[in-house]
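Engineer: here is my input; please provide its structure:
(one chain, ligands or ions: 1)
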Amino acid sequence: MVALVTGASSGIGAATARRLAREPGARLVLVARREDRLRALADEIGGATVVALDLTDADAPARVAEAVEREHGRLDLLVNNAGAIWFGHFAEAGWDNVRQHMAINFHAVVRLTEALLPALRRSAPSAIVNVASPIARFGPREAGGYVASKFALAGWSDVLYLEERPHGVHVGLVLPGEFATEITPAHSRKRVPPLPQPDKAAEAIIAAGPGRRAERWVPRWYWLFAAMRILAPGLLRQLAARKRLRAVIRRKASRLAAYTRSAIVGAGRLRRSPGRTGHRRG
Ligand SMILES: NC(=O)c1ccc[n+]([C@@H]2O[C@H](COP(=O)([O-])OP(=O)(O)OC[C@H]3O[C@@H](n4cnc5c(N)ncnc54)[C@H](OP(=O)(O)O)[C@@H]3O)[C@@H](O)[C@H]2O)c1
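Structural biologist: Residues are numbered from 1 along each chain as shown. Prediction:
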C-alpha cells in the first residue's frame, strides 16, 4: 500500500504516518513545509518519501503528483490532513481571514486531490480521507473562516464520495474533536483532564480510509452537536453563545473526572492496604 499523508510534520498527521507504517508493506509519502520534521519521522518509521512544500503554492499539486509517480507509480491512500486556524471576529479579521483558511483547508485539498485522482483511480480499490472537524457541522464564535473552510470540505467530500464510488475510490470524512496538537490553543493544552493524544484520530483515519467507513467522529458522541443543529438549532446557538455556561460545564466535567480518578486510586489503596487485608482475615 502506498499512502500519502499531508501535514505529517506534527499532530494527527504524524500519528497517522506512524500508525500506517505498522501496516504490512506500507510505503509512505510525507508532505508538509518543515522538512527537518518530515525527515526525522521518515527515519523513525524506517524510511519514507519526503515532499517538503507549502500546499497553497501554485505548483504544489503537480510537484507532489510527480514525486508519487517517480517514487512509487501508484497511490492507494490519500490523507488530506494538513490544516490551520487563525482565530478572530469577522468584523476585525475580515475576508482576508476567510481567504487564508480556504487556501489551506479547502482549496489546497481540492487541488491536491485533483492532481492525484488519476493515480488513485488506477490503483483502485483506493481511498481518500479528508480531515475536517466537528465544527464542519456547527460553528463557535471567532472561528468563522475555519468553520467555513471545514463546512466546504465536508460538503465537497459527500459529493466526491458519490462520484468516485463507481471508480473504486472510497472517500471518507474524519471529524476529530480537540486533541493535544500544535493547532490547539495553549490554554486548551493546559486543560484538566488533559486533551487526548492524536493516536485516536489516527485510528479514525484508518477506519475512514482502508476501513472504508463514510464518516468518523472522535470522540463519537460529538455527533450529538450535529444532530442538535438539525433538531434544535436555536438551542445549540444559545448554548454556544453562553461563554459562562460552557466554562461551568467544563469545570464540572473536570471535577467529576478528578473525583472519579481519586475514588479509583483510593479504592486501589484500600485493596492493597495490609490493615484491611488483616482485618478481613481476622
Ligand atoms: N487537534 C485538534 O484539536 C483538531 C480538531 C479538529 C480538527 N483538526 C484538524 O486536524 C488536522 C491536523 O491538525 P493537527 O491537530 O494535527 O494540527 P498541527 O499539529 O498543527 O498539524 C497541522 C499540519 O498541517 C501542516 N500544514 C499547515 N499549513 C500547511 C501548508 N500551508 N502547507 C503544507 N502543510 C501545512 C503542518 O505542517 P508544517 O507547519 O510543517 O507545514 C502540520 O503538519 C487539521 O486539518 C485540523 O484542522 C484538529
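
Engineer: gap between the closest residue to Thr56 other than its chain neighbours and Phe179?
Structural biologist: On the basis of C-beta to C-beta, 6 or more residues apart in numbering, the spatially nearest residue to Thr56 that is not a chain neighbour turns out to be Ala103, at 4.6 Å. All C-beta atoms are positioned from the backbone trio N, CA, C, and that covers glycine. Ala103 sits 23 Å away from Phe179, taking C-beta to C-beta, to the nearest Å as the criterion.

Engineer: and Arg63, how many neighbours?
Structural biologist: Applying other C-beta atoms under 10 Å, we find 14 residues neighbouring Arg63.

Engineer: and Pro194, by the same measure?
Structural biologist: Other residues within reach of Pro194, judged by other C-beta under 10 Å, total 11.

Engineer: same check on Ala115?
Structural biologist: In terms of burial, Ala115 registers 17 neighbours under the definition other C-beta under 10 Å.

Engineer: helices or strands next to the helix or strand hosting it in the packing?
Structural biologist: When elements are defined using DSSP states H and E, Ala115 is found to belong to helix 108-122. The elements that helix 108-122 packs onto, with contact taken as 3 or more C-beta pairs under 8 Å, 6 or more residues apart in numbering; DSSP states H and E, are helix 60-71, strand 77-80, strand 126-131, helix 144-164, strand 169-176.

Engineer: reformat these as TSV; add mean pLDDT.
Structural biologist: Written out in TSV, the entries for the helices and strands packed on helix 108-122 read as follows (pLDDT from 0 to 100):
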stretch	mean pLDDT
helix 60-71	98
strand 77-80	99
strand 126-131	98
helix 144-164	97
strand 169-176	98
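
Engineer: and Gln238, which of the ones you listed is closest to it?
Structural biologist: Go through those one by one with C-beta to C-beta and the one that ends up closest to Gln238 is helix 144-164, at 17.7 Å.

Engineer: how far does the closest one sit from its chain's centre?
Structural biologist: Between the centre of helix 144-164 and the centre of its host chain there is 14 Å, according to C-alpha atoms, centre = their mean, to the nearest Å.

Engineer: and that helix, what's buried?
Structural biologist: Burial within helix 144-164, assessed by neighbour count using 16 or more other C-beta atoms under 10 Å, is assigned to 144-154, 156-157, 160-161, 164.

Engineer: and if you look at stretch 209-223?
Structural biologist: By neighbour count, with 16+ other C-beta under 10 Å as the criterion, the buried positions of stretch 209-223 are Gly209, Pro210, Arg213, Glu215, Arg216, Trp217, Val218, Tyr222.

Engineer: identify the residues contacting that stretch?
Structural biologist: The contact list for stretch 209-223 (C-beta atoms under 8 Å, 6 or more residues apart in numbering) reads 1, 3, 23, 77, 79, 127-129, 134, 161, 170, 172-177, 196, 200-201, 203-205, 207-208.

Engineer: still on that earlier bit, in the helix holding Ala115, what's buried?
Structural biologist: In terms of neighbour count (16+ other C-beta under 10 Å), helix 108-122 has its buried residues at Ala108, Val109, Val110, Arg111, Leu112, Thr113, Ala115, Leu116, Leu117, Ala119, Leu120.

Engineer: what's the answer for stretch 16-33, then?
Structural biologist: With the criterion 16+ other C-beta under 10 Å, stretch 16-33 contains buried residues 16-21, 26-32.

Engineer: quick one: terminal-to-terminal distance for it?
Structural biologist: 17 Å (C-alpha to C-alpha, to the nearest Å).

Engineer: what of stretch 71-83?
Structural biologist: The stretch stretch 71-83 measures 25 Å between its terminal residues, going by C-alpha to C-alpha.

Engineer: and that stretch, what's buried?
Structural biologist: His72, Leu75, Asp76, Leu77, Leu78, Val79, Asn80, Asn81, Ala82, Gly83.

Engineer: for these, give me a markdown table that also has distance to the ligand.
Structural biologist: Listed next are these as a markdown table, based on distance: C-beta to the nearest ligand atom, whole Å:
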| residue | distance to the ligand |
| --- | --- |
| His72 | 20 |
| Leu75 | 18 |
| Asp76 | 21 |
| Leu77 | 16 |
| Leu78 | 14 |
| Val79 | 10 |
| Asn80 | 8 |
| Asn81 | 5 |
| Ala82 | 4 |
| Gly83 | 2 |
